[in-house]
Structures are given as structure tokens and as C-alpha cells.
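Student: no sequence on this one, just coordinates:
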């Protein structure tokens, strides 16, 4: 008994499932950024530098070493207006991710274009970072992004072949 043939219906279901998986991933990214932005709002009217110092102490890090010093310097420059701006940026980013996820889940062409473009924008930066500092997680991130971009381009090409109908 041979392998079952993959007909157009099976291919359409697989494509739909893959796009919906990307939609859930985009919604997850939006949720993570929204939570992080909300966390920034909790820092308003607090001494962010002191909170950063307590965090470094809690992790038993040397506050005089390079990375904790960078962290403390960044915390010193965070004032209420900057925190509000960062939180607003996080909310806007999350909104874009949620709208993209909704469109992808509904298999809208505009969402596939948005996903391909927004994913493709990061590729040169990810490659440059990987060349500068190779790491397994950087390579994994690049591969995941390339798969998503390729999937969206493929879905758009398939849509074009079908005359714009996602269910055909």
C-alpha cells in the first residue's frame, strides 16, 4: 500500500492549518509585548534605578561589571514620560500583531502580505547579528522567520493562481 496522494483539498487544508499556526504565533507575540508594556506602566512614579539595583542584587550580580552597569544606566534614563512612550509603542506593536493574527486566521490576503513584509524586514538584521555573534537561538530565529516569510509568499502565490479565493 503506497502513500496517500495529496490532492488539492489536502494541500488547501495543510496551507490553512499552517497559516492559522502563524496567526496564533503572531497573537502570542502581541500578548507578550502587551504584558511587557503593561509592566512598564507599573514602573511609573517609582525609582526605576533603585528597582534595577534591587534586581541586580537579588540575582547576585556584580553591579560594577559591564552588563549590570549598562542595565543600571538604562534604568537611570527611564523617566515617566519615556515609560509612557515605551508602553504606548508596545501597545501599538501589540495591536498590529493582533490585527495581523486576526487577518491571518481569516486567511485574508492583506494579512499574508503584512506577515511577509513584517517578517522579511527582520531578515537582514538577523543575518547581520548571526554573522557578528553566531548563536543557536539566532539561527533558530532566522530559520523560523524565513519559514514564515516563505509560507506567506507561497500562500499569496497560491491565492493568485486561484484567482484570489482562499478556499479554492
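Tutor: That came through, no problem. All values reported here derive from a predicted model rather than from experimental measurement.

Student: Without its sequence neighbours, what residue ends up closest to the residue positioned nearest the centre of the chain?
Tutor: By C-alpha atoms, centre = their mean, the mean C-alpha position of the chain lies nearest to residue 29, the distance being 4.8 Å. Spatial nearest neighbour of residue 29, chain neighbours left out: residue 97 (5.1 Å); criterion: C-beta to C-beta, 6 or more residues apart in numbering. Where C-beta positions appear, they are placed from N, C-alpha and C, glycine not excepted.

Student: residue ranges of the helices in this protein, please?
Tutor: Listed from the start of the chain, the chain has helices (DSSP state H) covering 8-42, 48-58, 66-76, 80-105, 109-132, 136-161.

Student: picking that back up, who are the contact partners of the residue nearest to residue 29?
Tutor: 26, 27, 29, 30, 33 (C-beta atoms under 8 Å, 6 or more residues apart in numbering).

Student: Export the helices of the chain as JSON lines, with columns for mean pLDDT.
Tutor: Below are these laid out as JSON lines (pLDDT from 0 to 100):
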{"stretch": "helix 8-42", "mean pLDDT": "89"}
{"stretch": "helix 48-58", "mean pLDDT": "86"}
{"stretch": "helix 66-76", "mean pLDDT": "84"}
{"stretch": "helix 80-105", "mean pLDDT": "93"}
{"stretch": "helix 109-132", "mean pLDDT": "95"}
{"stretch": "helix 136-161", "mean pLDDT": "93"}
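
Student: Closest to residue 120 out of the contacts of residue 97?
Tutor: residue 26 (14.4 Å; C-beta to C-beta).

Student: how near is the closest residue to that closest one other than its chain neighbours to residue 144?
Tutor: Using C-beta to C-beta, 6+ apart and skipping the chain neighbours, the partner closest in space to residue 26 is residue 101 (4.1 Å). Distance, residue 101 to residue 144, using C-beta to C-beta, to the nearest Å: 16 Å.

Student: the more surrounded of those two?
Tutor: It is residue 101, of residue 101 and residue 144, that has more neighbours when counted by other C-beta atoms under 10 Å, with 23 against 13.

Student: what residues does stretch 144-151 touch?
Tutor: 18, 19, 22, 25, 115, 116, 119, 120, 122, 123, 126.

Student: again with stretch 34-48
Tutor: By C-beta under 8 Å, 6+ apart, stretch 34-48 touches 51, 75-76, 78, 80, 83-84, 86-91, 94.

Student: Report the two of the residues you listed separated the most.
Tutor: Taking C-beta to C-beta, no two of the contacts of stretch 34-48 sit farther apart than 76 and 94, at 26.8 Å.

Student: you'd agree residue 23 is up against residue 99?
Tutor: No. Counting by C-beta atoms under 8 Å, residue 23 stays clear of residue 99, with 10.9 Å between them.
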